[in-house]
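Trainee: could you look at this predicted model? Sequence included:
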Amino acid sequence: MPAIALGARPAMAEAAAAIPTTGVVPAALAGFDTAMKTYIAERDISCAQLAVAKNGKILLARGYGSYLKGSTSTLVQPTSLLRIASLSKSLTAAALARLAQDGKVSLGTKVSSLLGLSTTADPRLANVTLWRLLQHTGGWDRDAAYDPLWYDQTISTSLGVPLPIDHADIMKYVTARKLDFAPGAKYVYSNYGYMLAGRVIEKLSGMSYESYVRQKLLAPVGITRPRLGRSLRAQAFATEAPYESQYTRKSVVDDTGAVVPYPYGGFNMPNQDANGGWVASAVDLVKWGFVFDAPGAVLNQTSISRVFAKPETGVNSGGSWYGLGWHVRNNNVGTLNTWHNGSMPGTFSFLARVQNGVSYCAIFNRREEAGTPDFDAIDPILGKAIGTVKTWPTTDLTSRYF
C-alpha cells in the first residue's frame with residue numbers, strides 16, 4: 001500500500017477502500033474487514049493481517065497491504081510472517097506447562113537452583129519460582145529500573161564485552177543487582193522473567209528453546225510456519241513482511257556505532273526469543289489458541305487449568321489477572337476471556353479468545369509512535385465487530401492455510 005502522507009490524506013473511506021487485500025472474508029464477517037481497513041488507513045499501516053475463528057474453525061483469513069521485495073511489489077498474504085512480539089509469551093509459558101505435565105519439573109521449583117543463579121546480590125532471588133516468573137511477580141520492575149532486554153549498550157559497557165551481548169551477559173548483569181520488590185508481592189510485567197523461562201526450557205529439555213516449542217507444541221497441531229525472528233532486514237525470511245518506524249537507534253548487533261532503523265538492529269531479536277522473538281501469521285496464532293479450548297496432543301486439562309489460574313496476588317482492580325502467558329477475565333457466559341498484545345518497534349499484535357468460542361488475531365508492521373492514534377484500540381474495535389455478525393458462517397478455512 002503506498003504511504004499516505006500525513007496532512008494530505010484522501011478521505012478515510014477512500015483510503016481504506018484502496019488498501020490491497022488477499023485471502024477470504026465471508027459476507028457475514030464484512031464488519032471485521034471494514035473495521036480493519038479503517039484502522040489501517042487511520043494509522044498509515046502498510047502491512048497487516050487478520051484471522052477470525054469460532055469453535056475451532058478459521059472463518060476469516062486476510063492479508064492487507066503490500067511491500068517491495070527487491071523491485072517487485074508483493075501483497076501481504078494471510079500466511080505471510082510478521083514479528084509478534086509479546087504474543088510469544090503464550091508459547092513460552094505453555095512450554096513450561098508441558099514440561100511440568102511430562103514430569104520434568106514442578107512449577108514451584110526455584111529458578112535460581114534450576115539455572116545456577118547466585119543469590120548473593122539479593123537473597124530474595126531464591127524465592128522466585130517458575131510460577132512467579134511466568135505470572136510476572138518475580139521482583140523485576142522495568143519502570144523502577146530498566147528493561148535489560150533493551151539495555152544492550154549499558155550491559156556491554158558494564159561487563160566490558162563487545163556487542164552483540166547474549167543471554168548469559170544479560171543474566172550476569174541482572175543477577176549482580178538487587179530485585180525491585182519481594183517476589184510474589186505484586187504483578188509487574190517482566191520481559192526478563194520470560195527470557196529466563198526460555199533458558200529453563202533449554203536446561204530441562206536438552207533442546208534449543210525454538211526446537212522445543214516447534215517440536216513439542218506446534219508440530220502436534222500442524223503449525224509449521226512460526227520460528228524465531230532475526231535482527232536485520234537482510235536476514236528476513238522469504239515470506240516475512242518489512243517493519244516500519246519513524247525512529248532510528250545505534251546498532252546493538254555490532255560495535256560500529258552505526259545508526260540504523262529501530263526495527264533493524266536497534267534491538268537484538270535473538271535475545272528477545274522467549275519473551276518476544278517469534279515471527280508467525282495471524283492464522284497460525286488463532287490455530288495456536290485452539291490448543292487451550294480442550295485437552296489434546298499438547299496440553300492436558302491440568303496444564304490448561306494452570307495456564308489460566310489466578311496468581312497469588314489475585315485479581316486486579318479491573319477484574320482480570322495474568323495467568324501463564326495470557327491476561328484472563330471471567331466473561332458473562334461463565335467461561336474465560338483470554339488475550340495478549342505484543343509491541344516492539346515495527347510491530348503491534350493482538351490475540352484474543354472470547355465468549356462463545358470466538359477468537360481473533362491482528363498483526364501490524366508498525367506500532368503506536370508520535371502522531372499516530374492509539375494502537376490498543378484494536379481490542380474494542382474487533383470486539384465491537386463481533387456484534388455486526390448476524391449469522392456465523394460454517395465453512396472452515398483451516399485446510400486452505402495449513
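Mentor: Done, it's in. No experiment lies behind these values; they were computed from the predicted model shown.

Trainee: could you use CA atoms for every contact and neighbour count after this?
Mentor: Fine.

Trainee: near Asp102, how many other residues are there?
Mentor: 11 (other CA atoms under 10 Å).

Trainee: got the buried residues for stretch 34-49?
Mentor: Neighbour-count burial for stretch 34-49 flags 35-49 (criterion: 16 or more other CA atoms under 10 Å).

Trainee: just the ones of those in helices?
Mentor: Mapping the buried residues of stretch 34-49 onto helices (DSSP state H) picks out Ala35, Met36, Lys37, Thr38, Tyr39, Ile40, Ala41, Glu42.

Trainee: am I right that His67 is in a helix?
Mentor: Actually, residue 67 is Tyr. It isn't His. No: in this structure, Tyr67 is strand, not part of a helix, as judged by DSSP: H, G, I helix; E, B strand; the rest coil.

Trainee: contacts only, for it.
Mentor: Met1, Ser46, Cys47, Ser73, Thr74, Leu75, Val76, Ala241, Pro242 (CA atoms under 8 Å, 6 or more residues apart in numbering).

Trainee: quick one, phi/psi of Thr74?
Mentor: phi -120, psi 130 (degrees, to the nearest 10).

Trainee: tell me the pLDDT of it.
Mentor: Thr74 is assigned a predicted lDDT (pLDDT) of 97.

Trainee: verify the stated contact: it with Ser80.
Mentor: No: the pair Thr74 / Ser80 is not scored as a contact, 10.5 Å apart, by CA atoms under 8 Å.

Trainee: which of the two has more neighbours?
Mentor: Ser80 (22 against 15).

Trainee: nearest residue to the more buried one in space, please, no chain neighbours.
Mentor: Computed as CA to CA, 6 or more residues apart in numbering, the closest residue to Ser80 that is not its neighbour in sequence is Thr239, at 5.2 Å.

Trainee: likewise Gly346?
Mentor: Arg366 is the one closest to Gly346 (CA to CA, 6+ apart), at 4.0 Å.

Trainee: hmm, that neighbour is touching Tyr247, no?
Mentor: No: if you go by CA under 8 Å, Arg366 and Tyr247 don't touch, sitting 11.2 Å apart.

Trainee: between the two, tell me which one has more neighbours.
Mentor: More crowded of Arg366 and Tyr247, by other CA under 10 Å: Arg366, with 26 against 14.

Trainee: pull the contacting residues for that one.
Mentor: Arg366 makes contact with Ile45, Tyr243, Glu244, Ser245, Pro345, Gly346, Thr347, Phe348 under the criterion CA under 8 Å, 6+ apart.

Trainee: just the residues you listed: which are in strands?
Mentor: Thr347, Phe348 (DSSP state E).

Trainee: show me which pair in the contacts of Arg366 is furthest apart.
Mentor: Farthest-apart pair in the contacts of Arg366 is Ile45 and Pro345; separation 13.3 Å (CA to CA).

Trainee: re the thing from before, how about the contacts of Tyr67 in JSON lines, adding distance to Val128?
Mentor: Below are those laid out as JSON lines (distance: CA to CA, whole Å):
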{"residue": "Met1", "distance to Val128": "47"}
{"residue": "Ser46", "distance to Val128": "42"}
{"residue": "Cys47", "distance to Val128": "40"}
{"residue": "Ser73", "distance to Val128": "50"}
{"residue": "Thr74", "distance to Val128": "47"}
{"residue": "Leu75", "distance to Val128": "46"}
{"residue": "Val76", "distance to Val128": "42"}
{"residue": "Ala241", "distance to Val128": "38"}
{"residue": "Pro242", "distance to Val128": "38"}
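
Trainee: quick one, strands of the stretch 151-300 of the chain?
Mentor: Applying DSSP state E, counting those that start in this stretch to the stretch 151-300 of the chain gives strands spanning 227-228, 248-250, 259-261, 278-280.

Trainee: closest to His136 out of those?
Mentor: Closest among these, using CA to CA: strand 278-280, at 19.7 Å.

Trainee: contact partners of the closest one?
Mentor: Residues contacting strand 278-280 (CA under 8 Å, 6+ apart): Ser80, Leu81, Leu82, Arg83, Ile84, Ala85, Ser88, Arg225, Pro226, Arg227, Leu228, Gly229.

Trainee: how about low-confidence regions in the chain?
Mentor: Along the chain, the parts satisfying pLDDT under 70 run over 1-10.

Trainee: can we see that at 50?
Mentor: Scanning the chain for pLDDT under 50 picks out the ranges 1-8.

Trainee: for the residue nearest to the spatial centre of it, what are its contacts?
Mentor: Centroid-nearest residue in the chain, with CA atoms, centre = their mean: Leu87, separated by 1.8 Å. The neighbourhood of Leu87, defined by CA under 8 Å, 6+ apart, consists of Gly276, Gly325, His340, Asn341, Gly342, Ser349, Phe350, Leu351.

Trainee: please name the nearest non-neighbouring residue to the fourth one.
Mentor: Excluding the flanking residues, the one nearest Asn341 by CA to CA, 6+ apart is Phe350, at 4.2 Å.

Trainee: number of nearby residues for the one you found?
Mentor: Counted with other CA under 10 Å, Phe350 comes out at 25.

Trainee: which of the strands of the stretch 151-300 of the chain has the highest mean neighbour count?
Mentor: With neighbours defined as mean count of other CA atoms under 10 Å, the strands of the stretch 151-300 of the chain peak in mean count at strand 278-280, which reaches a mean of 24.

Trainee: partner strands of that strand, parallel or antiparallel?
Mentor: Partners of strand 278-280 in the sheet, by DSSP bridges, are strand 82-83 (antiparallel), strand 227-228 (antiparallel).

Trainee: of all those, which lies closest to Leu107?
Mentor: If we rank those by CA to CA, the stretch that ends up nearest is strand 227-228, at 24.8 Å.

Trainee: contact partners of the closest one?
Mentor: Glu210, Arg214, Pro270, Asp273, Gly277, Trp278, Val279, Ala280.

Trainee: one more: stretch 40-49?
Mentor: With contact meaning CA under 8 Å, 6+ apart, stretch 40-49 is reached by 1-4, 12, 15-16, 19, 61-67, 76-78, 241-242, 281-282, 361-366, 372-373.
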